[in-house]
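Trainee: Turn this into a structure:
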Amino acid sequence: MEVLRNLVACLLGLLLVTFPVLVQAEPEPLNTFNVLCYHDVQYDPDKDPEPYSVSTTELVQQFAWLKQHGYHVISIDDLLAAQSGKRNLPNKAVILTFDDGYRGFYSHVYPLLKAFNYPAVLALVGSWLQLQPGEKVPYDVHDYDRSSFLGEDEIREMSSSGLVEIASHSYGLHKGIVANPQGNLLPAAVARRYDPQNHSYENDAAYRSRIKSDLKRNSAYIRMITGKHPRVMVWPYGQYNESAIEIARNLGMPITFNLKDGVNAIQPSLSKVNRWLVDRNTSVSGLAEKLLVSPKSTPQRVMHVDLDYVYDPDPKLQEEYLGMLLDRVKAMNITTVYLQAFADPDGNGAADSMYFPNRHLPLRADLFSRVSWQLSTRAGVKVFAWMPLLAFDLPVGNELANHRVESDEDDISGESYSRLTPFDPKVRQLITEIYVDLAKSALFDGILFHDDATFGEFEDVSPWALEHYSRKWGFPKSISEIRRNPDVLKNWTRHKTRYLTEFSLELSETVRKFQPELKTARNIYAEVVLNPDSEMWFAQSLPDFIGNYDYTAIMAMPYMENVEEPMPWLKKLVYEVAKRPDSLNRSVFELQSVDWRTTKKVDNHELAKQMKLLQHERALNFGYYPDDFLNNSPSFDVIRPFFSLQTFPYSKN
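Mentor: Numbers count the residues shown, from 1 in each chain. Below is the predicted model of the structure:
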């Protein structure tokens, strides 16, 4: 009765609440829906250190706001009916989900669902519900015991009501497992288990067997309680991959929910449904902003980091260096780190070995996974794996080591990277396998394709390339003959530009099988931006990059380009990018902190001035390379006022 009286008091309090009214930028398209993700609900969540708990009062107010503003809370049956074409979703459709199976769902949420006549999805972790007396679930900042979770009778009652859809949240995957030699615990649903005794990783078959066994066990447990097989899989921590989705689908769960922000649309597959996370800091106004306000572009601040600086044969020193990097990145308050995933100790721009286990190049150290995870979880940044597209120096004895991009004898510049030729199908397969191994070995947010992804005006004349030009593109098997006709030369250049882009996009899609939310970025030379005719020298094109990658990382490096007056040059560079719609939002201007002509570091104050100029010219996203965190270069105190989002977040006039 006390619970009911408190709930009634909350409902009556709604009469005194002034709900926010926000204007939606555009009407919602037909058959779109939002999903809200809640966890525990309590009268006083401040007594609970769990950051995702919300108060009963706040939940009542949010439910009332949804009703007051014309939102329709729908069920999984409504979703499937719309998918099958039986009926459309109502306007402003919303699905309510509650993760983990806390006891507060029965005492606080279920009465509200009945009062508002709102359906909801409840995701259960089977192993937590089968705890023995005295056993604990370690979760985030404290442990939970069995009394924190729902009882089977409560679950059965709510499932029978028709309001509550019981979903699987896995049986025992809501935890971290050891996923690298350093002992980092990564999400169990996607990580490959590392065996420290045998120094080996779980193979594909073992991984799939583990995931299938877990999901199958939880489905059987839910069916034992409710008499119904779960139709929905809610991924722990929102982490999933294509293999996990396929397993869930084969086990009768074609609908799976993640934790990516964004509205959803009815489509043939509902295996990647986005959800808005609601936590204790999400007020009614915050909920309204999620649902009504079009998302704004977050300025990107990027530190481009050589993992070679972290690596050391001495594990203690390596950990010390990693700590220095983490402290610097966190204190700088930035968004993104471009993190080297390959080793280049000789500095020639090609990968001699890798920082992740792979099939084709030596392993310098199994380090990328640890540093990427630590940067993400401790420094709170997005990590892009910085990878070559073609520049791999294969070991002597590899049959493909000499299957390289070749230049016509007239090209004597010698300035290009040594690259494998992508026109050889065996080379493409090898590079693809390297990217697959990267994707399996670590969790990261994006790929940055290195500036090695070029073809010069005399490249490629390898036999595989010449055969491709003739058989696939209809060009002569002679670059000299191609170059005699300006129109043919231009057409050949465009084909090469597109070929490199398509190969990188194929690699991206391969990685997305393991990292579904992957973003892409690719380095482009400034000369291509300033002089589009120079596409001939690089096989790069700004419109092509803007149209195909999430971000184009422009090498805004005046000293590398032998520019005498860097500031006017940078201003012109931004101006040229801004000519194209939306290009500034999708470009990252990468400054240089070292003058490689002299090997001297760029003056800290000069670098800060360049950052200030980029802001003044409304360049939304920028960063620099390299960051020498071991020597505080560039100076933290000098650049932070112009680089950190905490101190200088938006363009100023």
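Trainee: What distance do you get for the most centrally placed residue in the chain to Val511?
Mentor: With distances taken as C-alpha atoms, centre = their mean, Asp445 lies nearest the centre of the chain, 2.9 Å away. Remark: distance between Asp445 and Val511 (C-beta to C-beta, to the nearest Å) = 11 Å. C-betas here are computed from N, CA, C, even on glycine.
Trainee: For those two, list the residues in contact with both.
Mentor: Leu518 (C-beta atoms under 8 Å, 6 or more residues apart in numbering).
Trainee: re the thing from before, quick check, the residue nearest to the centre of the chain in contact with Lys519.
Mentor: Yes. With contact defined as C-beta atoms under 8 Å, Asp445 reaches Lys519; the gap is 6.1 Å.
Trainee: Can you check which residues contact both of the two?
Mentor: Common neighbours of Asp445 and Lys519 (C-beta under 8 Å, 6+ apart) are Lys382, Phe384.
Trainee: neighbouring contacts of stretch 85-92?
Mentor: 28, 30-33, 69-72, 74, 78-79, 81-82, 266.
Trainee: Going by secondary structure, the closest residue to Ala93 other than its chain neighbours is in what exactly?
Mentor: In this structure, Ala93 finds its nearest non-sequential neighbour in Phe33, 3.9 Å apart by C-beta to C-beta, 6 or more residues apart in numbering. Secondary structure assignment for Phe33, by DSSP states H and E: strand 32-38.
Trainee: What average pLDDT does that strand get?
Mentor: In this model, strand 32-38 has an average pLDDT of 97.
Trainee: and what of stretch 605-617?
Mentor: Rounded mean pLDDT across stretch 605-617 is 97.
Trainee: Please enumerate the helices of the stretch 101-250 of the chain.
Mentor: 104, 110-116, 126-129, 152-160, 204-226, 242-250 (DSSP state H, counting those that start in this stretch).
Trainee: hey, which of the ones you listed is tucked in deepest?
Mentor: Of the helices of the stretch 101-250 of the chain, the one with the most neighbours on average (mean count of other C-beta atoms under 10 Å) is helix 104, at a mean of 24.
Trainee: which strands and helices sit next to it?
Mentor: Helix 104 is packed against no helix or strand, with contacts defined by 3 or more C-beta pairs under 8 Å, 6 or more residues apart in numbering; DSSP states H and E.
Trainee: Check the gap between Asp341 and Glu467 for me.
Mentor: One correction, residue 341 is Ala, not Asp. 32 Å.
Trainee: Same question for Ile211.
Mentor: Ile211 is 43 Å from Glu467, by C-beta to C-beta.
Trainee: that older thread, which strands and helices lie in contact with the strand holding Phe33?
Mentor: Short answer (3+ C-beta pairs under 8 Å, 6+ apart): strand 32-38 packs on strand 93-99, strand 264-265, strand 276-277, helix 284-292.
Trainee: Next, the angle from that strand to strand 93-99.
Mentor: Angle, strand 32-38 to strand 93-99, by axes from the mean of the first three to the mean of the last three C-alpha atoms, to 10 degrees: 20 degrees.
Trainee: circling back to that earlier point, contacting residues around the residue nearest to the centre of the chain?
Mentor: Thr336, Ser376, Lys382, Val383, Phe384, Gln515, Glu517, Leu518, Lys519.
Trainee: who's the last one bridged to?
Mentor: It refers to Lys519. For Lys519, the beta-bridge partners are Gly446 (DSSP bridges).
Trainee: before we move on, back to that, just name the most buried of the helices and strands packed on strand 32-38.
Mentor: With a mean of 24, the top stretch among the helices and strands packed on strand 32-38 by mean neighbour count (mean count of other C-beta under 10 Å) is strand 93-99.
Trainee: residue contacts, the residue nearest to Ala93?
Mentor: Neighbours of Phe33 in contact, by C-beta under 8 Å, 6+ apart: Ile74, Leu79, Leu89, Ala93, Val94, Ile95, Val263, Asn264, Ala265, Ile266.
Trainee: how about 6 Å then?
Mentor: Leu89, Ala93, Asn264 (C-beta atoms under 6 Å, 6 or more residues apart in numbering).
Trainee: my guess is the last one meets Arg275, correct?
Mentor: Pointing back at Asn264 there. No. In this structure, Asn264 is not within contact of Arg275 by C-beta atoms under 6 Å, at 8.9 Å.
Trainee: Give the residues shared as contacts by those two.
Mentor: If you check Asn264 and Arg275 against C-beta under 6 Å, 6+ apart, no residue is contacted by both.
Trainee: And the helices in the stretch 501-650 of the chain?
Mentor: 526-530, 535-538, 542-548, 566-578, 604-616, 636-643.
Trainee: Count the neighbours of Ile177 for me.
Mentor: 18 (other C-beta atoms under 10 Å).
Trainee: in the sheet, who's paired with it?
Mentor: For Ile177, the beta-bridge partners are Leu186 (DSSP bridges).
Trainee: ok so, going back, can I get the helices of the stretch 101-250 of the chain in TSV with distance to Thr282 and mean pLDDT?
Mentor: Listed next are the helices of the stretch 101-250 of the chain as TSV, based on distance: least, C-beta to C-beta, whole Å; pLDDT from 0 to 100:
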stretch	distance to Thr282	mean pLDDT
helix 104	17	94
helix 110-116	16	97
helix 126-129	24	96
helix 152-160	24	98
helix 204-226	28	98
helix 242-250	28	98
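Trainee: So which of those is nearest Asn631?
Mentor: Closest approach to Asn631 among these is made by helix 204-226 (40.9 Å; C-beta to C-beta).
Trainee: Pull that closest one out as CSV, backbone CA atoms only.
Mentor: Taking Å, rounded to 0.1, in the frame of the first residue of the first chain, the C-alpha atoms of helix 204-226 are listed here in CSV:
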residue,chain,number,x,y,z
ASP,A,204,36.3,-18.6,-34.6
ALA,A,205,34.6,-22.0,-34.0
ALA,A,206,35.2,-21.7,-30.2
TYR,A,207,33.9,-18.2,-30.1
ARG,A,208,30.7,-19.0,-32.0
SER,A,209,30.1,-22.1,-29.9
ARG,A,210,30.5,-20.1,-26.7
ILE,A,211,28.0,-17.4,-27.8
LYS,A,212,25.5,-19.9,-29.1
SER,A,213,25.6,-22.0,-26.0
ASP,A,214,25.0,-19.0,-23.8
LEU,A,215,22.1,-17.5,-25.8
LYS,A,216,20.5,-20.9,-26.2
ARG,A,217,20.8,-21.5,-22.4
ASN,A,218,19.1,-18.2,-21.6
SER,A,219,16.3,-18.7,-24.1
ALA,A,220,15.6,-22.1,-22.5
TYR,A,221,15.6,-20.5,-19.0
ILE,A,222,13.2,-17.8,-20.1
ARG,A,223,10.9,-20.3,-21.7
MET,A,224,10.9,-22.4,-18.6
ILE,A,225,9.7,-19.4,-16.6
THR,A,226,7.2,-17.9,-19.0
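Trainee: Give the other helices and strands that it contacts.
Mentor: Here helix 204-226 touches helix 152-160, strand 164-168, helix 242-250, going by 3 or more C-beta pairs under 6 Å, 6 or more residues apart in numbering; DSSP states H and E.
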